[in-house]
Structures are given as C-alpha cells and as structure tokens.
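**Student:** Build me a model:
(one chain, ligands or ions: 1)
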Amino acid sequence: MDKLIIEGPSKLSGTVKISRAKNAYLPILAAVLLNDKPVHLKNLPELRDIRTMLTLLQNLGVRIDQRDNVTTLDPSNLSNHMATYELVKTMRASIFVLGPLLARLGKARVSLPGGCAIGTRPIDIHLENLKKMGAEIIIEAGYVEATKRNLQAVHLPLKFPSVGATENLMMAAVFTPGTTVIENAAREPEIEDLANFINAMGGKVEGAGTSKIQITGVNELREVEYEAIGDRIEAATYVMAALMTKSEVKVVGINPIHLEFVIDTLRSMGANIDTDENSIHVKPSELKPAKIETQPYPGFPTDVQAQMMALCCVIPGNSMITEAIFENRFMHVPELTRLGAKIELKGNTAFIEGVEELSAAPVMCTDLRASAALVVAAITAKGRSEISRVYHIDRGYERLDQKLAGLGVRVQRTNE
Ligand code: UD1
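**Tutor:** Below is the predicted model:
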C-alpha cells in the first residue's frame, strides 16, 4: 500500500493547475447512460473513483475508448441493468446509475451502498421521490430493484437538499413527458454542470443552481462533447496549504465563484486573496481564528471542513468548527492531534486552539477529505511525516504528490 513521506515545514511557491471536478464527472458519467449516441468527455481526471465509475459503465455495456485527453463513451447497446455490491461498496456514487437506467431501460438493480466512514448516509430521499414519480421500488437481498411504471411529471419537494438525490431525480426525469419539478433542490455547482451536460445532449433542464429545478421530458438525445468544471474542493485544499505555510501560490483552472463562501470567510480572517475568472491567487497572510459551520451550497462546504480545521490548528487563538451535514466527519481530529494540534470535540463541534508549530508524526488516512487535511498539516509540520493508506487520497486528488512537488514540497510516494 502506498505511503506519502512529507518533509516539513515547506514553503510553497508557483502555480498549481486544478483538475476537472470528480464530483461533477461522476454524475455526468452516469448521465451518459441516458443517451444512445456517443459522448466525448474531455480531461476526465485520473482518479480511483472515476475508474470505478468507468468499470461500472463497462459492466452495463458502455464501450469506452480513450484517446489523448478525450474519453469516448458509446452507450448505444446497454446489455445489463445491474450495479453489483462489489462495485458499489467501493464507491457510493454508483447509486447515480439508478435514475438514468430507470429513464433509459425502465429497470435498474443497484446494490444498497451501506454506511461509510463519515456517517450512515441513507438514500431514502432518492427512493421516496422516485416512487413519487411512479417507479416501483423493491429492496431485496441488499439490492434496490427499480422498475418504471410510466414515470410521471410531478412536484418533488425534497425534505433536505441532497446533492446525490437532486442529481439522480434530474436524470430520472429526462424522458418523462411534461415538466417534473424538484423543489428544495441542492444548488451545488456540480448540479448546474450536470444540467448543462444534459442540455448539451438535447435534454431540457431549467433552474439548476437554484432550489427549483424543472425538467421537461424530451424524446431523444444527441452526440455531444463536454468538459466538466474545475474541482472547487481540490482548489480549496491548495488554498489552505498556501495559507498554512504563509506562501504565495496561484491556483488556476477554477471558477472562484464556486468557492465564494470559502474565499469570503478566509478574507474575513485576514487572508490576502485575489481572484480572476479562472484563478485564485493566495499571498502570505496573518490570520485570525475562525468560527464556521458547514452548510449546503452556497454555505461552507463539508468537503473543505477538514482542510479548514488543519489551517485553524496553526492560527493563534481559538477557532470553532461545526459539522452540520455528516454525523461523523471528524476522523481527522485524532490524527491532527498526533501532529501536535490542540482540538477538543464536543458533539458536532470542534474547538481548536492554535499552536505555534505542528510536529511530524506517522498518521493514517481515514477518508478522502480527512486525508487532504493530514497532507496539508504534514507540509506545515516540522520533520518527516509518514502518511499511510494513501488510497483514500487517490480517490479524489489527481497527481497530488506531483502537484505538491511542483510547488516545492518535499514529498515522496513509496510502497514499502
Ligand atoms: C455529495 C458529494 C460529497 C459531499 C456531499 C455534501 C458527490 C459524489 N459527493 O455527496 O463529496 O460531501 O455531497 O456536499 O457529489 N441524506 C439523507 N438521505 C438521502 C440522501 C442524503 O438523509 O437520501 C443525508 C446524508 O446522510 C447527509 C446529507 O443528507 O447527511 C448530505 O448528503 P448528500 O447531499 O446526499 O451528499 P452526497 O450526494 O452523498
């Protein structure tokens, strides 16, 4: 199993190019199943989750051809409608195939995802609203069996703006005659990107990015080429690394509006950050402590909570971070403590007392974003940190070690 060895503290300098967003491409890849014509996707990131989704699509009968930076997917002959437990257990986002399979084939059999490191993560919002659309849903032997009984255009007020449920329902409704309306929809930029992709294929989705999304049924889709938005979570991670090390770094390939809340929060803490339409420029800054609560978009993203906590660990004074989206998303706390951080947990709030310096230690990755927090902390910590279970990072950060090395971090990947 790969490990990262990081020698800190490092100053960072230069420019880092952000990859296309994993959380945009995962639902877009699932939405390919809606089409019966080829789809060409540009710059799919080289990530474990993306490879898992490609394997899942192949199992369903999609032909995949990779040339340079374009991946062509031909979904004209779907031969299967089942997402097995073996795949779903490695990646919860496999549940995204439920909506499009139902819309295209009228049937889907998808393993229940089960819990994960950050919480129980039910899919009740996906299922209860598919039922409202007229799908028959049976749970049997750990699988969701969904059958279309003429999906109907209905109003779907979500009890919580779930990102995945909004995406699944949007895809399920693409061919439904009439206009399906999702209310209290999630507003994340990746949802708007999925809508743009569906519309580029000839679908009709309006309002994505607001809490009311309207999907008007179309009869067929067309061949398309598409490129997803930049990864705002990856970008935020590099911004945190720059601020923690009081470095000057330019993060390019990202629309800063997608990180508006994070950037505004950091500026209110004293961060010296400039933006243009495609980049974020971080300069050395003296920061004040933070008081943050994660919220659905456009609030502070839960996917940046761990990295933000790492930053707070080295800001003099007392910071407070409340996690309001997932019930168990503090797995990084004991590991950050091993690096010398002072953090006390009370319920879903972490109280952080800034220390002057973190110190190197062996630490272990537990989930994707927790791992990112450990990496940025290790860059700041004095000495040689060994980060194990790097496969968590490889799910979501493309060429992390190379990108960090490009910024001047002394980092090495080993599998000893
Ligand atoms: C997506 C992101 C993930 C991010 C999360 C919140 C992808 C592939 N993943 O995950 O990185 O952390 O949004 O921004 O895009 N919930 C229910 N019932 C449901 C669905 C969700 O109770 O049917 C709860 C979840 O347990 C969780 C909260 O709602 O507590 C948010 O989940 P959701 O927005 O659905 O996140 P995901 O789509 O799983």
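
**Student:** all contacts plus neighbour counts: C-alpha atoms, from now on.
**Tutor:** OK.

**Student:** Let me know whether residue 392 touches residue 367 as I believe.
**Tutor:** Yes - Residue 392 lies in contact with residue 367 (C-alpha atoms under 8 Å); the separation is 5.6 Å.

**Student:** Not counting sequence-adjacent ones, nearest residue to residue 282?
**Tutor:** Nearest residue to residue 282 in three dimensions, chain neighbours excluded: residue 273, at 4.7 Å (C-alpha to C-alpha, 6 or more residues apart in numbering).

**Student:** how about that neighbour, phi and psi?
**Tutor:** phi -130, psi 130 (degrees, to the nearest 10).

**Student:** now swap in the one 5 residues further on and tell me
**Tutor:** In this entry, residue 278 is assigned phi and psi values of phi -130, psi 10 (degrees, to the nearest 10).

**Student:** Could you shift the numbering so residue one becomes 25, and keep it that way?
**Tutor:** Right, with 25 as the first residue, what we last looked at is residue 302.

**Student:** so what's it scoring on pLDDT?
**Tutor:** Residue 302 carries a pLDDT value of 97.

**Student:** So it versus residue 210, what's the distance?
**Tutor:** 24 Å (C-alpha to C-alpha, to the nearest Å).

**Student:** These two: which has the busier surroundings?
**Tutor:** residue 210 (28 against 13; other C-alpha atoms under 10 Å).

**Student:** Go ahead and confirm that one touches residue 186.
**Tutor:** Yes - using C-alpha under 8 Å, residue 210 makes contact with residue 186 at a distance of 5.7 Å.

**Student:** what about the strands in the stretch 125-274 of the chain?
**Tutor:** 131-135, 159-164, 167-172, 179-181, 203-207, 228-230, 236-240, 248-251, 272-276 (DSSP state E, counting those that start in this stretch).

**Student:** what does the protein put close to the ligand?
**Tutor:** Listed as neighbours of the ligand in the chain under the rule C-alpha under 6 Å from any ligand atom: 47, 117, 145-150, 186-189, 326-327, 349-350.

**Student:** low-scoring stretches of the stretch 125-274 of the chain, by residue?
**Tutor:** Residues of the stretch 125-274 of the chain meeting the criterion pLDDT under 70: 138-144.

**Student:** Helices of that one, start to end?
**Tutor:** 148-156, 187-196, 213-224, 256-268 (DSSP state H, counting those that start in this stretch).

**Student:** Tell me which of those sits nearest to residue 127.
**Tutor:** helix 187-196 (5.0 Å; C-alpha to C-alpha).

**Student:** Now do that closest one: which elements does it pack against?
**Tutor:** The contact analysis (3 or more C-alpha pairs under 8 Å, 6 or more residues apart in numbering; DSSP states H and E) places helix 187-196 against helix 122-129, helix 148-156, strand 203-207, helix 213-224.

**Student:** what's the spacing between the closest residue to residue 261 other than its chain neighbours and the ligand?
**Tutor:** Nearest non-adjacent residue to residue 261, counting by C-alpha to C-alpha, 6+ apart: residue 331, 6.3 Å away. Distance check for residue 331 against the ligand: by C-alpha to the nearest ligand atom, to the nearest Å, it reads 13 Å.

**Student:** Tell me the buried residues in stretch 167-175?
**Tutor:** Buried residues in stretch 167-175, counted by 16 or more other C-alpha atoms under 10 Å: 167, 168, 169, 170, 171, 172, 175.

**Student:** How many neighbouring residues does the residue of the stretch 225-374 of the chain found nearest the ligand have?
**Tutor:** Using C-alpha to the nearest ligand atom, the closest approach of the stretch 225-374 of the chain to the ligand is made by residue 350 at 4.3 Å. Residue neighbour count, defined by other C-alpha under 10 Å, stands at 14 for residue 350.

**Student:** Then residue 239?
**Tutor:** 27.

**Student:** Next: the one 10 residues further on.
**Tutor:** Other residues within reach of residue 249, judged by other C-alpha under 10 Å, total 15.

**Student:** Who are the contact partners of it?
**Tutor:** Counting by C-alpha atoms under 8 Å, 6 or more residues apart in numbering, residue 249 touches 63, 64, 65, 66.

**Student:** Mind checking which of the residues you listed are buried?
**Tutor:** Of the contacts of residue 249, these count as buried by 16+ other C-alpha under 10 Å: 63, 64, 65, 66.

**Student:** Just grab the bridge partners of the second one for me.
**Tutor:** In this structure, residue 64 bridges to residue 96, residue 249 when assessed by DSSP bridges.
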